[in-house]
Structure formats: structure tokens, C-alpha cells
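Engineer: Sequence first, then the predicted structure, then my questions.
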Amino acid sequence: MATARKKPTITLSPSRDIPFNQLVLSQSNVRRIKAGVSVEELAEDIARRGILQGLTVRPVVDENGAETGMFEVPAGGRRFRALELLVMQKRLARTAPVPCVVREGGIAEEDSLAENVQRAPLHPLDQFRAFLTLREKGQSEEEVAAAFFVSVNVVKQRLKLASVSPVLLDVYAEDGMTLAQLEAFTVSGDHARQEQVFERLKTSYDKSSYAIRRMLTEGAVRATDKRALFIGTEAYVEAGGTVLRDLFEGDDGGWLQDVALVDQMVADKLKVESEAIAAEDWKWTEVAPDFAYARCAAVGGYISRTCETFLRCAPWAPTSRDRHLISAFSTLARCVEMRR
């Protein structure tokens, strides 16, 4: 007669509060090298928010196998050290109850190894959503950074993901793109444009973050462009212009998005410069953001010929002032020639 086998049952280790002065750090803790958040920072976090994850402990037994009332901590050593620091600073009572999971079977080293190896890092999107929630509740970027033990720049970078289309965030969440690619989309806040570029990527051989940035900034004016340097980025922003910035890679000042505004400001400033020069008794002035090759050649040649003619045909001996002006004109001619 066949008998049915009982399915094995899973028994979870009991949890209880144990006074801190009954805890000792186990030699079985596998973490030997300091990494990540310092004990001091963790202590401050515990002081502010309490201990969010209990310690894994095992009863300490004497040579006869009898429990001594003490418990060793094989998993949670950094939390133990942080609590110990708070006790030493007299900010926490020695008998303060500490939430613990009491283990009895198995090997202590396995407890420590499992807790460290099985721990998954927080996904960047989860980090972004957590940071965003705190910002919406009124916390500053500096306060968020302090709460999560990261730099302010990391907080700014994660919050920048809010400028990415929800469609693309979903693609990233499903491993449809890398974090570097997602970060590249933050260069533009135009969701429709982002999605358009993403569709272009599907048929493109180059799907790099560089290619994404290039597509999103097509038509924009680099901050290193001569037009941007001429009018100044600050003046452009004061006039209502928008600058696209990249928090994830060096962008040399970003991109000036409103090309029409840039060109108008360049024209206006050139006009002012032209009027100031004309007031110095010049016969004529001509301004343009750029001159064609032929025009540069004509101007350079005209200046050179004028200087030569003056020296040859002047009805009086050139004065020092005349020679100074001719020298300046010759320098100008060389500059124009170099521009060619």
C-alpha cells in the first residue's frame, strides 16, 4: 500500500529583541574589508531613522553546550559597530533592545555570506523614484543625498531621469536599453523628440549614447560655437533662451536650443559693434557672422593693396602715426588671410 509523502515544511528563524549588552561580534562575519557607507554615517542614519534591518545572531554556548545568555552576530556586523558607536557616544543605552533573528542550525559563516551575497543593489529607477518622492515632500537635494549616503551629484543625475519619456523609462525597466543610453536622453526634455530618436535607433547601426546625444541636439548651437562665445551664454539665458545640459558627461557648456534667438542676438551685437567702429571715421563698415572664402580673399587683398599704394603714392612723407596705422592694417590683412 502506497503512502503519501509529506511535503517538507519551511521553518523560519524566530525574531526577538535582545539587549545590546548581550551581543558580541562574531569572528564568523565574512566582511573584513570596509566598503560603502562608513560606520559613522550608518550610526547617524540609525540615530535619525532607527535600525531598519535586524541583526542575525546565534546563541553563545559554553564548553558543555549550554547557552550563556550572550549572542554572537555573524551577519550585520556594520550595524552592530554602528550601534556600538552610539553606545560609546552615550546616545544609546547599553541595554537598548535590538531586533534580532535568532539562528541555531547551519554554519555561522553561511549566514554572513548569504546576507552579503544575496543582497541586490537598488535599481537606478527605484533610486530615482525614491529621490523624487523625497524632493516632492520638500527635501532638498543635499538632504536627500545625506539620507541615502550618496553625493549631491548622484541625486541630481537620478532626478534628471524625470525628464525622460515614461515610454523610455519602461523600456529601460525591461532591460531594453542601458543606463548610459537612458542618461543620454536627458539632454532634451522633449518627450516626443526622445521617442522619435528612440525609433530611429532601432534601424541605426550606431546605438551609442554619443549617437543619441548627437541626434537630440541636431540643429542646436554648441556653447563653444563662435556665435555663442560672441554673445555670451548668460546674455542668451537672460534673453529667454534655453540651454540643454548633460549631467552625465562633459558638455563644454551645453547646447543653446533657440537658434533663431542666437542669430538675432548675434546680428544685434554686430550692429552695435559696427556703429561703434563707424564712429571712428571709417569710410564704411560691413558685418556678418561669417564671410565666404572669396570675400575674405577680396578684403585681405584690398587691405594689402591699399597699404602698398599709400606708401608709394603719398604726397608727403609718412608720419609715425601713418606707419602705425599701416602696420595695423597689414596685421589685419594677415588675419584675414589666415581666416581663409
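Structural biologist: Great, that's in hand.
Engineer: buried stuff in stretch 50-61?
Structural biologist: Neighbour-count burial for stretch 50-61, counted by 16 or more other CB atoms under 10 Å, picks out 51, 54-58. Bear in mind the C-beta positions are built from the backbone N, C-alpha and C, glycine included.
Engineer: of these, closest to residue 191?
Structural biologist: Of all those, residue 51 has the smallest distance to residue 191: 41.4 Å, by CB to CB.
Engineer: quick one on the thing from earlier: which pair in the buried residues of stretch 50-61 spans the largest distance?
Structural biologist: 51 and 58 (18.6 Å).
Engineer: Same question for the longest strand belonging to the chain: list its buried residues.
Structural biologist: Longest strand of the chain, by residue count under DSSP state E: strand 67-75. Buried residues in strand 67-75, defined by neighbour count with 16+ other CB under 10 Å: 71-75.
Engineer: try stretch 213-233
Structural biologist: In stretch 213-233, counting by 16+ other CB under 10 Å, buried: 213, 215-217, 220-223, 227-228, 231.
Engineer: Of these, which belong to helices?
Structural biologist: 213, 215-216, 227-228, 231 (DSSP state H).
Engineer: Out of the residues you listed, flag the one nearest to residue 164.
Structural biologist: So of those, ranked by how close each gets to residue 164 (CB to CB), first place is residue 216, at 11.2 Å.
Engineer: ok, the closest one touching residue 195?
Structural biologist: No: contact criterion CB atoms under 8 Å: residue 216 and residue 195 do not qualify, at 11.3 Å.
Engineer: Quick check: next helix or strand after the least confident helix or strand in the chain by mean pLDDT?
Structural biologist: None of the helices or strands of the chain scores lower by mean pLDDT, DSSP states H and E than helix 108-117, at a mean of 50. Toward the C-terminus, helix 108-117 is succeeded by helix 124-136 as the next helix or strand (DSSP states H and E).
Engineer: in that next one, what's buried?
Structural biologist: For helix 124-136, a neighbour-count test (16+ other CB under 10 Å) marks 124-125, 127-128, 131, 134-135 as buried.
Engineer: can those go into a markdown table with extra columns for pLDDT and distance to residue 15?
Structural biologist: Output for the buried residues of helix 124-136, formatted as a markdown table (pLDDT from 0 to 100; distance: CB to CB, whole Å):
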| residue | pLDDT | distance to residue 15 |
| --- | --- | --- |
| 124 | 82 | 32 |
| 125 | 84 | 31 |
| 127 | 81 | 28 |
| 128 | 85 | 32 |
| 131 | 85 | 31 |
| 134 | 84 | 29 |
| 135 | 86 | 34 |
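Engineer: Show me the shaky parts of the protein.
Structural biologist: Low-confidence segments of the chain (pLDDT under 70): 1-14, 28-37, 105-122, 149, 245, 247-251, 281-282, 288-319, 321-326, 328-340.
Engineer: any idea where the strands of it begin and end?
Structural biologist: So, for the chain - with DSSP E - the strands run 15-19, 23-25, 55-61, 67-75, 97-102, 221-222, 243-244, 255-256.
Engineer: Quick one: closest of these to residue 161.
Structural biologist: Proximity of these to residue 161 was assessed by CB to CB; the nearest stretch is strand 243-244, lying at 15.6 Å.
Engineer: tell me the angle the longest strand of the chain makes with strand 15-19.
Structural biologist: Angle, strand 67-75 to strand 15-19, by axes from the mean of the first three to the mean of the last three CA atoms, to 10 degrees: 110 degrees.
Engineer: Pairing partners for strand 67-75, with directions?
Structural biologist: strand 23-25 (parallel), strand 55-61 (antiparallel) (DSSP bridges).
Engineer: follow-up on the earlier one: could you dump the strands of the chain into JSON lines and include distance to residue 162?
Structural biologist: Below are those laid out as JSON lines (distance: least, CB to CB, whole Å):
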{"stretch": "strand 15-19", "distance to residue 162": "38"}
{"stretch": "strand 23-25", "distance to residue 162": "42"}
{"stretch": "strand 55-61", "distance to residue 162": "37"}
{"stretch": "strand 67-75", "distance to residue 162": "36"}
{"stretch": "strand 97-102", "distance to residue 162": "35"}
{"stretch": "strand 221-222", "distance to residue 162": "25"}
{"stretch": "strand 243-244", "distance to residue 162": "15"}
{"stretch": "strand 255-256", "distance to residue 162": "20"}
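Engineer: closest one to residue 171 among the ones you listed?
Structural biologist: The closest of the strands of the chain to residue 171 is strand 243-244. By CB to CB, the value is 21.6 Å.
Engineer: The closest one pairs with which strands?
Structural biologist: Applying DSSP bridges, strand 243-244 is found paired with strand 255-256 (antiparallel).
Engineer: For the strand it pairs with, which outside residues touch it?
Structural biologist: Applying CB atoms under 8 Å, 6 or more residues apart in numbering, the external contacts of strand 255-256 come out as 187, 217, 220-223, 225, 228, 233, 236, 241-244, 262.
Engineer: One more pass at 7 Å, please.
Structural biologist: Strand 255-256 is contacted from outside by 217, 220-223, 228, 236, 241, 243-244, 262, using CB atoms under 7 Å, 6 or more residues apart in numbering.
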